[in-house]
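S.K.: would you be able to build a 3D model of this:
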Amino acid sequence: MATTNTPTSLAGDFKNLYQESGLVQAIPTWAILQDRFKFEEAQSLGQYFIFGVVLQKENGVTYAPSSSTGSGAVTLNASVAGFVGQAQVEGYAIYMRSRLSYDAAAKASRAGKKAFAQAYGAILKNLKESHQFRLECSLLYGQVGLGVVSANSSGALTLTSASWATGIWAAGLKDAVLEAWTTTAATSTQHDGDLTISAIDIANKKVTVTGTSTAVVANDILYFKGSRTSSTWYETPGLDKIMQNTGTLFNIAGASYDAWISQSYAVGGNLSMSAILQAASVGMSYGLEKGLLLVAPEKFAQLGLDEAALRRYVSDSDAKNTKRGVRGVEFMLGPVSIEVMAHPLVKQGTPLLVAEDYVRRTGATDITFAMPGSEEPMEVHVTDVTALEIRSMSDQAIFVEKPAQCVRLTGVT
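M.R.: Have a look, this model is predicted:
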């Protein structure tokens, strides 16, 4: 006897599908930050997650030769207290949605569990990977934008080479909606309205948009729609924002504590072993011991010009197969190790050297299809439409406990 499929039973089929297929746990190879820095569910104080960070050493020090102990008590210099600040980290939510009609889902469900998985497994996988893509972009470039316009020719927006990240624009963004803003500052002016992507020319670093774009000019910054307003941002500060900060971020003033300001190193040419070691030496002066350098794949390839004897390959542990090439290169600067990793979403002109042991990804929840606090799927029966809407969400931020050890490389060509 055939079972009647109801919206409720269809939701159950989706719950089983995403749980049994491992979609929730699967991490694409390009989601490097999500894979490298595991999500930590943090305790919050109100709307913020609180972290103690060391901003100043203890400096109440007295020096004395051992012979002075025989002549009486040593007079101690005054105490100069260190300072442990409280960073307030706010989680930022991302929501995504996908719809399917009742009749199509019901037909697949009646054909059996396997047929349902074949029909809709790709839909859920695409929803999850689309969410991971948007999250990875925010973790890298939240609040600073996706790229800088260099020219506008009737809606064909050419981006600067330095701000171009091939993996961002080669990820199936047709019909995605962008916005153009005059600056990356909290207060900014939007030029025109929705800019819908109609075509992308990777070779010429060009994004063609529909909709009115006549006001978009050189030096405008492109953002995903809804990630900011004219007075604030709606996404987490990304690593690039953290590493450019000189003001107040996470409730700590960089002007008051140099330990809260990242370093910068001007390469001014091709990325090379020498440039990497020079940048690492800057971070080493501030205590860097283990660094992860994220570079665009095109710039990672430039390292092939360096001497093999002066680098160490980071390879997979699979000894059964012979593979040519490497997934990473590790450089040593005395006791400091720097792993260089190609990341397709990193902008070409500005590799990011982060203090790997001090990067945290934290918040209320990692990407999930379930209702917060339960295992039930986030499904909505669309009003006036015979369709079921499946949703995903995340609520998190990326945070660096010791930004002074990080180095932002600039001028890579």
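S.K.: list the buried residues for stretch 369-384?
M.R.: 369-370, 377-379 (16 or more other C-beta atoms under 10 Å). C-betas here are computed from N, CA, C, even on glycine.
S.K.: next one: it to chain centre, how far?
M.R.: Here stretch 369-384 is found 26 Å from its chain centre; the criterion is C-alpha atoms, centre = their mean, to the nearest Å.
S.K.: average pLDDT across that stretch?
M.R.: For stretch 369-384, mean pLDDT is 78.
S.K.: residues contacting T214?
M.R.: D192 (C-beta atoms under 8 Å, 6 or more residues apart in numbering).
S.K.: what separates it from G193, distance-wise?
M.R.: 11 Å (C-beta to C-beta, to the nearest Å).
S.K.: on that earlier part again, redo the buried residues of stretch 369-384 as TSV? Include distance to A355 and secondary structure.
M.R.: Below are those laid out as TSV (distance: C-beta to C-beta, whole Å; DSSP: H, G, I helix; E, B strand; the rest coil):
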residue	distance to A355	secondary structure
F369	33	coil
A370	33	strand
P377	38	strand
M378	36	coil
E379	41	strand
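S.K.: which of those residues sit farthest apart?
M.R.: Across the buried residues of stretch 369-384, no pair lies farther apart than A370 and E379, at 10.1 Å, counting by C-beta to C-beta.
S.K.: returning to that earlier point: now list whatever residues contact both of T214 and G193.
M.R.: Counting by C-beta under 8 Å, 6+ apart, T214 and G193 have no common neighbour.
S.K.: strand partners of whichever helix or strand L409 is part of, parallel vs antiparallel please.
M.R.: Per DSSP states H and E, L409 falls inside strand 407-412. Using DSSP bridges, strand 407-412 pairs in its sheet with strand 263-269 (parallel), strand 352-355 (antiparallel).
S.K.: comparing the ones you listed, which comes out most buried?
M.R.: strand 352-355 (a mean of 26; mean count of other C-beta atoms under 10 Å).
S.K.: hmm, who's touching that strand?
M.R.: Taking C-beta under 8 Å, 6+ apart as the rule, strand 352-355 contacts 140, 239-240, 243, 276, 279-280, 283, 288-294, 338, 346, 400, 402-403, 405-409.
S.K.: whichever of those residues end up buried, select them in PyMOL.
M.R.: The following PyMOL line selects those of the contacts of strand 352-355 that are buried, judged by 16+ other C-beta under 10 Å:
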select buried, resi 140+239+240+243+276+279+280+283+288+291+292+293+294+338+346+400+402+403+405+406+407+408+409
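S.K.: please flag which of the contacts of strand 352-355 sit within strands.
M.R.: With strands defined by DSSP state E, the entries of the contacts of strand 352-355 inside them are 290-294, 338, 400, 407-409.
S.K.: the buried residues of stretch 369-384 into TSV, with extra columns for distance to T189?
M.R.: Below are those laid out as TSV (distance: C-beta to C-beta, whole Å):
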residue	distance to T189
F369	37
A370	39
P377	40
M378	35
E379	39
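S.K.: which residues are in contact with F39?
M.R.: 361-363, 366, 396.
S.K.: one step back: for the ones in strands among the contacts of strand 352-355, which one is nearest G82?
M.R.: Nearest to G82 among the ones in strands among the contacts of strand 352-355, with distances taken as C-beta to C-beta, is V400, at 19.5 Å.
S.K.: isn't the closest one up against N245?
M.R.: No: using C-beta atoms under 8 Å, V400 is not in contact with N245, being 9.9 Å away.
S.K.: in this protein, which ranges drop under the pLDDT threshold?
M.R.: Applying pLDDT under 70 to the chain flags residues 1-26, 43-45, 68-72, 108-109, 111-119, 304-327.
S.K.: centre of the chain to the strand holding L409, how far?
M.R.: For strand 407-412, the distance to the chain centre is 17 Å (C-alpha atoms, centre = their mean).
S.K.: could you do stretch 405-413 as well?
M.R.: With C-alpha atoms, centre = their mean, you get 17 Å for stretch 405-413.
S.K.: what touches both of V400 and N245?
M.R.: With C-beta under 8 Å, 6+ apart, V400 and N245 have common neighbours S262.
S.K.: mind listing what S161 touches?
M.R.: 205, 348-349, 413.
S.K.: kindly apply the preceding question to K225 instead.
M.R.: 177-179, 194.
S.K.: which of these lies closest to A301?
M.R.: Nearest member of the contacts of K225 to A301, counting by C-beta to C-beta, is L178, at 28.5 Å.
S.K.: give me the neighbour count for that closest one.
M.R.: Close neighbours of L178, defined as other C-beta atoms under 10 Å, add up to 23.
S.K.: give me the beta-bridge partners of it?
M.R.: L195, F224.
S.K.: cool, and F39?
M.R.: R361.
S.K.: how near is it to I242?
M.R.: Distance from F39 to I242, by C-beta to C-beta: 18 Å.
S.K.: wait, which of the ones in strands among the contacts of strand 352-355 is closest to T386?
M.R.: L294 (45.4 Å).
S.K.: pretty sure V74 is in contact with A64, am I right?
M.R.: Yes: assessed by C-beta under 8 Å, V74 is found in contact with A64 at 4.7 Å.
S.K.: L124: which element?
M.R.: Using DSSP H and E, L124 falls in helix 113-141.
S.K.: which is the next helix or strand following that helix?
M.R.: Downstream of helix 113-141, the first helix or strand assigned by DSSP H and E is strand 147-153.
S.K.: list the buried residues in that next one.
M.R.: By 16+ other C-beta under 10 Å, the buried positions in strand 147-153 come out as 147-150, 152.
S.K.: what is that strand packed up against?
M.R.: Applying 3 or more C-beta pairs under 8 Å, 6 or more residues apart in numbering; DSSP states H and E, we find strand 147-153 packed against strand 156-159, strand 221-224.
S.K.: of the contacts of K225, select the buried ones using a PyMOL command.
M.R.: PyMOL command restricting these to the buried ones, with burial defined by 16+ other C-beta under 10 Å:
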select buried, resi 178+179
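S.K.: if anything else comes up later, I'll come back, but that's it for now.
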